[in-house]
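Engineer: Structure for the following, please:
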Amino acid sequence: MMKTYLEFIKESKKYTGAGCVMIDFNFENWDELLESIVEDDIYEEDGKNYGLQPRPHLTLLYGILPEVTDEQILECFKGFTEDDFKIEINGISIFDTNNNFDVVKLGVKLTQQLKEINKRLSDLPNSNQYSEYIPHITLSFIKKGKGGKYIDPDYKYNVKEIKSIIYSRPDGSEFKINL
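Structural biologist: Numbering: from 1, shown residues only. Sure thing, here's the model as predicted:
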């Protein structure tokens with residue numbers, strides 16, 4: 001049985017105490033996508049949150065520091081509606097910049113709305129180290145050099161339903177953001 005994301009994170013020794021704002025999806029074929037990953041290819045490390053991603057989500061910003069309040073997060077969403085977050089998937093690709101593993105991911109079309117919400121959240125105290133926002137949905141962490149076989153630039157999918165927008169606080173608890 002697959003763990004919930006919160007169980008997955010709480011069991012991880014890698015959890016750093018940084019917060020994350022993300023969009024959760026009802027992704028119709030998520031299990032099918034995960035089942036396409038060959039078990040022997042999966043990168044795992046005891047006590048770390050690698051392997052298959054049990055919760056389909058799009059990270060809007062990771063690294064939010066503990067001093068940020070729920071109210072500050074809510075303020076970033078002022079003027080947005082759920083319709084502003086239509087998510088279009090354009091291919092399966094990888095991040096191969098880590099020395100230990102490849103990240104198999106669904107590429108997400110960068111919209112003005114995603115750019116704007118990422119910018120607003122980035123103005124809050126955070127430890128994000130990436131200068132460019134590359135929206136994506138992680139499928140799995142794969143052993144180094146094995147990710148290339150999962151690349152499929154022709155894979156297309158339009159997310160039909162946003163399940164919720166969540167602020168996963170630095171302590172691991174979650175705050176649901178209603179638009």
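Engineer: Where does the prediction get shaky in this protein?
Structural biologist: Scanning the chain for pLDDT under 70 picks out 1-16.
Engineer: Spell out, range by range, the helices that occur in it.
Structural biologist: 5-11, 30-35, 70-76, 112-122 (DSSP state H).
Engineer: Could you dump these into TSV with distance to Asp83 added?
Structural biologist: Placement of C-beta: from N, CA and C, glycine included. Below are the helices of the chain laid out as TSV (distance: least, Cβ to Cβ, whole Å):
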stretch	distance to Asp83
helix 5-11	25
helix 30-35	23
helix 70-76	17
helix 112-122	9
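Engineer: Tabulate the ones you listed in JSON lines, adding columns for distance to Tyr150 and mean neighbour count.
Structural biologist: Formatted as JSON lines, the helices of the chain follow (distance: least, Cβ to Cβ, whole Å; neighbours: other Cβ atoms under 10 Å):
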{"stretch": "helix 5-11", "distance to Tyr150": "21", "mean neighbour count": "15"}
{"stretch": "helix 30-35", "distance to Tyr150": "10", "mean neighbour count": "14"}
{"stretch": "helix 70-76", "distance to Tyr150": "33", "mean neighbour count": "15"}
{"stretch": "helix 112-122", "distance to Tyr150": "24", "mean neighbour count": "17"}
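Engineer: so which of the ones you listed gets nearest Asp96?
Structural biologist: Minimum separation from Asp96 across the helices of the chain (Cβ to Cβ) falls at helix 30-35, 19.1 Å.
Engineer: And Asp31, how far from Ser93?
Structural biologist: 21 Å (Cβ to Cβ, to the nearest Å).
Engineer: next one: Leu65
Structural biologist: Distance from Leu65 to Ser93, by Cβ to Cβ: 30 Å.
Engineer: Compare the two (neighbour count), which wins?
Structural biologist: Neighbour count, other Cβ atoms under 10 Å: between Leu65 and Ser93, Ser93 has more, with 19 against 14.
Engineer: how about that one, what does it touch?
Structural biologist: Residues counted as contacts of Ser93 (Cβ atoms under 8 Å, 6 or more residues apart in numbering) are Val104, Lys105, Gly107, Ile151, Pro153.
Engineer: same deal with Ile134?
Structural biologist: Contacts for Ile134 (Cβ under 8 Å, 6+ apart) come out as Leu110.
Engineer: 10 Å - rerun?
Structural biologist: Thr59, Phe95, Lys105, Gly107, Val108, Leu110 (Cβ atoms under 10 Å, 6 or more residues apart in numbering).
Engineer: out of those residues, which is most surrounded?
Structural biologist: Counting neighbours by other Cβ under 10 Å, Lys105 comes out on top of those with 22 neighbours.
Engineer: Apart from its chain neighbours, what residue comes closest to that one?
Structural biologist: For Lys105, ignoring the flanking residues on the chain, the nearest one in space by Cβ to Cβ, 6 or more residues apart in numbering is His136 at 4.1 Å.
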